[in-house]
Structure formats: structure tokens, C-alpha cells
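Engineer: This is a predicted model, with the sequence first.
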Amino acid sequence: MSTGTEERSGRPDPAAAHTDAEFVAALQRLKAWSGRSYRDIQSHAQRAGHHLPYSTAAGMLKRQTLPREEVVTAFVRGCGLDEQAAAEWSAARRRLDMGVPPEPDSARTRPRRRRPPTVIAVAVTMAAALVIATNVHQTEIEDVVVPAHHAQELD
């Protein structure tokens, strides 16, 4: 799943993730995008002030569950992204953890489906037929059921 941002820069967009597994897949794509080994990610994370053993980073990408927020931040920084990008990844992780769906993105939203004109025409015709049938049936009932005081006038 990609968004316009991801398509332009090649960098994965965490906001596109709908599930924990999609979020982890985005982290995997981020590692590939960075071109760094796990040891490189570890050393870059450390330079950015975060502790991230390479084994933790590797293990995180093999699971389908959300990693801890501090691990996500360290990993994102280790992949070479700045604090703002790390905050975006953390926000996406918190959103998934709380079960909130992602905001719709114009690049991902589908255009509203239009109904074919024949379907609409058939529906209108059936509704009209139902109204006519109901009125005809009501008229037949009124013709048959005549109150007693009117029956004498008819004779």
C-alpha cells in the first residue's frame, strides 16, 4: 500500500498502514529504502541518541505485531530520518495501537461508484408499478366494501 508521498520519494509512509502487519511491512520497506544493514542502523540510532541493538531491529521486522514506540523511533532515526519523520512513525504506531483507522488520503480513496442508468430505471419502474398496484387494489376494496347506509341508496 503506498501513498503519493511514498511513490514520489520511495520512502514508505507510515500513515498508509491499516494493520499492525502493514506497519511492520512499512518498516521493512524503510530498511530497504535506507540501504543500511542492521549494524549500520544500530550505529546511526546510537549517534542520534537512541539505544537499538541490531538483534532487536532484526527481530522487530520478523514479527507481525507492533513494536514498542521507543524501538520504532530508534529504528527510524537509525534509517536516517529526522525527528519529524520519527514523530510521524510514532504517531502512526499509536494510532494503530488505539485501533483508530488512518485518515483518508486523496491518493488512496476510491471515487464514488455510480450506478448504471439501467439499474436506476428498473428501480424507478418497479417503484411506480408498486404504487399503481397498491392504488388499484385500494380502489377495488373501496368498490367492494360499501357501508350499509350507502347500499340502500344504490338499490
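Structural biologist: That came in fine, so what should we check first? Numbering: from 1, shown residues only.
Engineer: and the nearest residue to Y54 once chain neighbours are set aside, what pLDDT?
Structural biologist: Distance criterion C-beta to C-beta, 6 or more residues apart in numbering; nearest residue to Y54, sequence neighbours excluded, is Y38 at 3.8 Å. Heads up, the C-betas are built off the backbone N, CA and C, glycines and all. In the predicted model, Y38 carries a pLDDT score of 98.
Engineer: And A123, by the same measure?
Structural biologist: At A123, the predicted lDDT confidence score is 74.
Engineer: which residues touch the residue nearest to Y54?
Structural biologist: Y38 is in contact with 54-55, 57-58, counting by C-beta atoms under 8 Å, 6 or more residues apart in numbering.
Engineer: swap in G80?
Structural biologist: When contacts are counted by C-beta under 8 Å, 6+ apart, G80 is found next to 34, 36, 44.
Engineer: thinking again about what came up before, now pLDDT too, for the contacts of Y38, in TSV please.
Structural biologist: Compiled in TSV, the contacts of Y38 are given as follows (pLDDT from 0 to 100):
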residue	pLDDT
Y54	95
S55	97
A57	97
A58	97
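Engineer: Identify the farthest-apart pair in these.
Structural biologist: Maximum pairwise distance in these, criterion C-beta to C-beta, is 7.3 Å, between S55 and A57.
Engineer: Would you mind telling me which of those two has more residues around it?
Structural biologist: Between S55 and A57, counted using other C-beta atoms under 10 Å, A57 has the larger neighbour count: 24 against 10.
Engineer: Using the three-state scheme, assign the more buried one.
Structural biologist: Using DSSP: H, G, I helix; E, B strand; the rest coil as the criterion, the local structure at A57 reads helix.
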